[in-house]
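Visitor: Just the structure for this:
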Amino acid sequence: METEKKYSLFFSLSPILYLILSILFFRNIWIVPYPHPSALLVSGLLSYLQRYNRKILFLQSALRKNFFSVLPAMEILFFVGLLIASWAYSGVLLTMMQIGISIIEPNYFLPSITIVTAIAAMVSGSSWTTAGTLGVALMGVSKYLGFPDVMSAGAIVSGCYFGDKLSPLSDTTNLASSLTHVPIWTHIRHMLKTTCFSFGLAVICFYILNFFVWDPDLQKVIPSTIGLSELLSQEIVYWKLIPVLIVFGSSFFHLPVRVSFLLGIVSAFLFPIFETGVSFGMFKSLIFGYQSETGNNTWDQFLSGGGIVSILPTEILIITAVWFGAVVEGFGYLNELLIQIKLWAKNQFDILLSTMGISFLLNLVTADQYLSLVIPARAFRTLAVENQIPEKDISRALEDSGTITSPLIPWNSCGAFMAASLGVPVLSFLPFVFFNLIHVLLSVSVLIIQKIKFKSS
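Guide: Now for the predicted structure:
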């Protein structure tokens, strides 16, 4: 077996280069319906052909490991499709939209939904639960008020990941804490200063954006134009919020997300069963999504959605990402990069920057944010001990990159989930995910400044 020293850094990075070129090709030159899955397949094949003489067992092992690592995410996506369909069918989404429109002030809409989703994610401990439930309803409110979908999606993702990052119930927060042997509350307190500062800047940015985007006349024109005023002015049926309370309330009992969503699906379907009994339409909506038939095309667009079929493209995207990541990991590209980065890292700032860089790279190639936390923690743990780096610095660096960048990559399970739930492509809402972008830039800038000061002293 070849040693890693035979290959240059450029050669080790060639799979990433193939991926970037393939995406550009399939998006701009040979335009195909699913450019990202196609790019992942092609770049993975090219990377495989470069090292076709490697033992296939390495690829099989990596495929197996990567597939099982993203399988829970694919399973949750499956339940999200069912949840959205059941809530649309039973009128839960309509009720949530009615309440949102009645209590959210349009002049502060974007910063408001950022804060609301942040609180919800902190309470539930899950960015996915928040985006797949509250986020879907808020996107409906956004359309009603006339705000661009891309901005609203960016605000929702920002809030979801701030709350998830600082929640003691969050799986990624607990994972980063346990991997570095840092008590959970020590880990959260250590993240507070930079994370809260980034979130504050993000809220200010959303307020400024809201000021330039919002036109008070839209509040009068758009509802009447799209014919939603009559529908949304109907009496609010508050008891239809029971499924929402069940989903979020189950977080306090530490139930798995899939179980919470299943309870939300079952409880939502109890409403139409009690009203009209069991119907074929209920089961049809779970598979193909709920299709509203009010006679108003705009109403139907707002009130339809969900279903297993709607999330199949996202599932395919994740599977192709698993293939690409398996080639990169199984055929040694990733290991070569880790070795070369370890040789480059000479002080604590290099190690922390390397931890963040590898976390982002793993989000890029493995489609799984958990691997972006686990592998760097194991790879740089010894170096951190040797350089007397506090363990809480490593745990924060893992979250500052591994957790934060995961929804910014279209084929990562987190990015794919957010796009599928909110109905907006990742690359479209990416420029407006202010919290995530600001926080990554802030974290990297702080480390670079500290490194410069260290060298000059």
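Visitor: Report the helix or strand with the lowest average pLDDT across this protein.
Guide: helix 218-226 (a mean of 52; mean pLDDT, DSSP states H and E).
Visitor: Would you mind listing the outside residues contacting the helix or strand in which Phe454 is found?
Guide: Assigned by DSSP states H and E, Phe454 falls within helix 434-456. Residues from elsewhere that reach helix 434-456, judged by Cβ atoms under 8 Å, 6 or more residues apart in numbering: 114, 154-155, 157-159, 161-162, 194-195, 197-199, 201-202, 205-206, 347, 349-350, 352-353, 356, 397, 400-401, 404-405, 407-408, 431. The way it works is simple: take the backbone N, C-alpha and C, and place the C-beta from them, glycine included.
Visitor: Filter these down to just the ones in helices.
Guide: 114, 154-155, 157-159, 161-162, 194-195, 197-199, 201-202, 205-206, 349-350, 352-353, 356, 397, 404-405 (DSSP state H).
Visitor: Now the buried members of those.
Guide: The neighbour-count test (16 or more other Cβ atoms under 10 Å) marks 114, 154-155, 157-159, 161-162, 195, 198-199, 202, 205-206, 349-350, 352-353, 356, 397, 404-405 as buried among the ones in helices among the contacts of helix 434-456.
Visitor: and for stretch 187-201, what are the contacting residues?
Guide: Outside stretch 187-201, the residues that touch it by Cβ under 8 Å, 6+ apart are 118, 158, 162, 165-166, 168, 173, 176-177, 180, 182, 392-393, 395-396, 399-400, 434-435, 438-439, 442-443, 446.
Visitor: and Val444, how many neighbours?
Guide: Neighbour count of Val444, defined by other Cβ atoms under 10 Å: 17.
Visitor: roughly how far apart are it and Leu9?
Guide: 20 Å (Cβ to Cβ, to the nearest Å).
Visitor: that older thread, next one: the helix holding Phe454 to chain centre, how far?
Guide: 23 Å (Cα atoms, centre = their mean, to the nearest Å).
Visitor: C-alpha coordinates for that helix, PDB please?
Guide: Provided in PDB are the C-alpha atoms of helix 434-456 (Å, rounded to 0.1, in the frame of the first residue of the first chain):
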ATOM      1  CA  PHE A 434     -26.200  35.700   8.800                       C
ATOM      2  CA  PHE A 435     -25.600  34.000  12.200                       C
ATOM      3  CA  ASN A 436     -23.700  31.100  10.700                       C
ATOM      4  CA  LEU A 437     -21.700  33.200   8.300                       C
ATOM      5  CA  ILE A 438     -20.800  35.800  10.900                       C
ATOM      6  CA  HIS A 439     -19.900  33.300  13.500                       C
ATOM      7  CA  VAL A 440     -17.500  31.300  11.300                       C
ATOM      8  CA  LEU A 441     -15.800  34.500  10.200                       C
ATOM      9  CA  LEU A 442     -15.600  35.800  13.700                       C
ATOM     10  CA  SER A 443     -14.200  32.600  15.100                       C
ATOM     11  CA  VAL A 444     -11.500  32.300  12.400                       C
ATOM     12  CA  SER A 445     -10.700  36.000  12.700                       C
ATOM     13  CA  VAL A 446     -10.200  35.800  16.400                       C
ATOM     14  CA  LEU A 447      -7.800  32.800  16.100                       C
ATOM     15  CA  ILE A 448      -5.800  34.500  13.300                       C
ATOM     16  CA  ILE A 449      -5.500  37.700  15.300                       C
ATOM     17  CA  GLN A 450      -4.400  35.800  18.400                       C
ATOM     18  CA  LYS A 451      -1.800  33.900  16.200                       C
ATOM     19  CA  ILE A 452      -0.400  37.200  14.900                       C
ATOM     20  CA  LYS A 453      -0.100  38.600  18.400                       C
ATOM     21  CA  PHE A 454       1.500  35.400  19.600                       C
ATOM     22  CA  LYS A 455       4.200  35.500  16.900                       C
ATOM     23  CA  SER A 456       4.900  39.200  17.400                       C
END
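Visitor: Can you give me the buried ones in that helix?
Guide: Buried positions in helix 434-456, judged by neighbour count with 16+ other Cβ under 10 Å: 434-440, 442-444, 447, 451.
Visitor: Sort out which one of those residues lies nearest Pro37 for me.
Guide: Distance ranking of the buried residues of helix 434-456 against Pro37, using Cβ to Cβ, places Asn436 first at 23.7 Å.
Visitor: Quick check: that closest one vs Val426, distance?
Guide: Counting by Cβ to Cβ, the gap from Asn436 to Val426 is 11 Å.
Visitor: Overlap of the contact sets of the two?
Guide: Common contact partners of Asn436 and Val426 (Cβ under 8 Å, 6+ apart): 407-408.
Visitor: how about the strands of the protein, start to end?
Guide: Under the criterion DSSP state E, the chain carries no strands.
Visitor: where does it dip in pLDDT?
Guide: 1-7, 216-233, 294-302, 457 (pLDDT under 70).
Visitor: any idea how it splits into domains?
Guide: 4-68+320-456, 69-309 (automatic domain parsing).
Visitor: which residue sits closest to Val203, ignoring its sequence neighbours?
Guide: Spatial nearest neighbour of Val203, excluding adjacent residues (Cβ to Cβ, 6 or more residues apart in numbering): Pro111 at 4.8 Å.
Visitor: Distance check, that neighbour against Gly200.
Guide: Look at Pro111 and Gly200: by Cβ to Cβ, they are 11 Å apart.
Visitor: Which one of the two is surrounded by more residues?
Guide: Using other Cβ under 10 Å, the more surrounded residue of Pro111 and Gly200 is Pro111, with 20 against 12.
Visitor: who's in contact with the closest residue in space to Ile184 that isn't next to it in sequence?
Guide: Excluding its sequence neighbours, the residue lying closest to Ile184 (Cβ to Cβ, 6+ apart) is Ser177, at 4.7 Å. For Ser177, the contact set (Cβ under 8 Å, 6+ apart) comprises 183-184, 186-187, 395.
Visitor: Repeat that for Thr95.
Guide: Contacts here follow Cβ under 8 Å, 6+ apart; on that basis Thr95 touches 236-238, 240-241.
Visitor: Kindly report the same for Ser395.
Guide: Going by Cβ under 8 Å, 6+ apart, Ser395 touches 176-177, 179-180, 182, 187, 190.
Visitor: all helices for the stretch 251-400 of the chain, in order.
Guide: For the stretch 251-400 of the chain, helices defined by DSSP state H, counting those that start in this stretch occupy the ranges 257-276, 280-288, 297-303, 308-330, 333-344, 348-366, 369-386, 391-398.
Visitor: Need those helices in a markdown table (columns: distance to Phe58).
Guide: As requested, the helices of the stretch 251-400 of the chain are exported to a markdown table (distance: least, Cβ to Cβ, whole Å):
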| stretch | distance to Phe58 |
| --- | --- |
| helix 257-276 | 32 |
| helix 280-288 | 38 |
| helix 297-303 | 48 |
| helix 308-330 | 4 |
| helix 333-344 | 10 |
| helix 348-366 | 15 |
| helix 369-386 | 16 |
| helix 391-398 | 26 |
